[in-house]
Structures are given as structure tokens and as C-alpha cells.
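Peer 1: what would the 3D arrangement of this be:
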Amino acid sequence: HRHIAEVLLAEIGRPPGPEMEYCTDRESYSLAAGMALGMVCLGLGSNMIGMSDLNVPDQLYQYMVGGHKHFHSRIQREKHKSPSYQIREGDTINVDVTCPGATLALAMIYLKTNNRSVSDWLRAPDTMYLLDFVKPEFLLLRTLARCLI
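Peer 2: So this is what the prediction gives:
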């Protein structure tokens with residue numbers, strides 16, 4: 001399952017390619033990859049034997065909240081070295097594309113594990129100011145995922 005999990009994790013955050021390659025239905029593709037990753041690792045929680053070096057929860061968290069892209073392997077760097085000529089995302093993660101898939105993947109991986117640290121990642125923002133930065137549909141997914149964990 002390690003290879004499949006590694007590929008699916010990379011597909012959640014796949015950037016747009018040159019000449020509009022990989023650009024149509026990116027949100028759906030990322031969501032499907034996230035759900036597939038969740039099904040492959042369903043209920044494993046922190047007991048992902050043989051996958052500890054992939055840092056699956058940390059990468060999913062990064063896909064959920066955003067930030068700078070980090071390519072962990074040489075293969076990923078080579079694969080995505082040519083950026084899109086029409087979509088400018090820069091070196092940051094587009095959470096509008098990656099957040100739903102990453103959130104559902106976390107929910108399925110940590111299903112019924114009662115993992116407090118992952119559950120805290122999914123908590124709603126504490127202040128009204130921070131709440132303005134989270135889309136309502138992402139807040140719904142986070143709440144649902146937190147209840148599943």
C-alpha cells in the first residue's frame with residue numbers, strides 16, 4: 001500500500017502543468033485522490049507501518065491549511081518542474097483545490113481513533129478574524145471530519 005499512498009498523496013497537491021495540462025476539474029481530481037488515500041489507509045491512524053517517512057498526516061495538514069509547497073522527493077521535483085503558463089499559483093498551495101481532499105483523507109485515516117492532536121487540527125477557528133479566512137464549506141468538512149475521528 002505504500003506506493004499507492006505515495007502516489008495518491010502527490011496527486012492531491014498536483015500543480016497545473018504547461019499548456020493547461022492537469023487543469024480541468026482539478027478540484028474533483030484532488031478530492032477523488034484524497035478519498036482514495038483515505039480508503040487505502042482507512043482507520044490506520046498513527047499505525048501506518050512502512051509509511052512513516054512519507055509524513056502523511058503532516059502533508060495532509062499542509063494541504064488543508066496552505067503554505068509553501070515542499071517537494072519531498074526528487075521524482076516530484078522532476079515531474080512538476082515545468083509550471084503552467086496560464087495559471088499562476090507560485091510556490092504556495094492552492095487550498096481551494098487541496099483542502100477538501102486532504103480533510104476527508106485525514107478523517108478516514110484517523111476514523112474512530114480518538115487521536116486528540118489530529119482532532120485539534122480540525123477545530124474551528126477561535127476568533128471571528130480567523131474565521132474569515134476559512135470558507136464555509138471547508139469549515140463544514142472540518143467539523144464532519146472532527147466528529148468522525
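Peer 1: count the neighbours of residue 52 for me.
Peer 2: Counted with other Cβ atoms under 10 Å, the neighbours of residue 52 add up to 10. C-beta here means a position set from N, CA and C on the backbone, and glycine is covered the same way.
Peer 1: same deal with residue 5?
Peer 2: 21.
Peer 1: likewise the one 4 residues further on?
Peer 2: When neighbours are counted by other Cβ under 10 Å, residue 9 registers 25.
Peer 1: pretty sure it belongs to a helix, no?
Peer 2: Yes. According to DSSP: H, G, I helix; E, B strand; the rest coil, residue 9 belongs to a helix.
Peer 1: how far away is it from residue 103?
Peer 2: 14 Å (Cβ to Cβ, to the nearest Å).
Peer 1: same check, this time on residue 31
Peer 2: According to Cβ to Cβ, residue 31 and residue 103 sit 10 Å apart.
Peer 1: got it, and residue 38?
Peer 2: Residue 38 is 10 Å from residue 103, by Cβ to Cβ.
Peer 1: and those two? which has more neighbours close in?
Peer 2: residue 103 (27 against 24).
Peer 1: find the nearest non-adjacent residue to that one, please.
Peer 2: Nearest residue to residue 103, sequence neighbours excluded (Cβ to Cβ, 6 or more residues apart in numbering): residue 141, at 4.5 Å.
Peer 1: number of nearby residues for residue 68?
Peer 2: There are 9 residues near residue 68, going by other Cβ under 10 Å.
Peer 1: and the pLDDT for residue 52?
Peer 2: The per-residue pLDDT reported for residue 52 equals 86.
Peer 1: and if you look at the one 10 residues further on?
Peer 2: pLDDT for residue 62: 95.
Peer 1: state the distance from it to residue 121.
Peer 2: 11 Å.
Peer 1: could you do residue 9 as well?
Peer 2: Applying Cβ to Cβ to residue 9 and residue 121 gives a distance of 17 Å.
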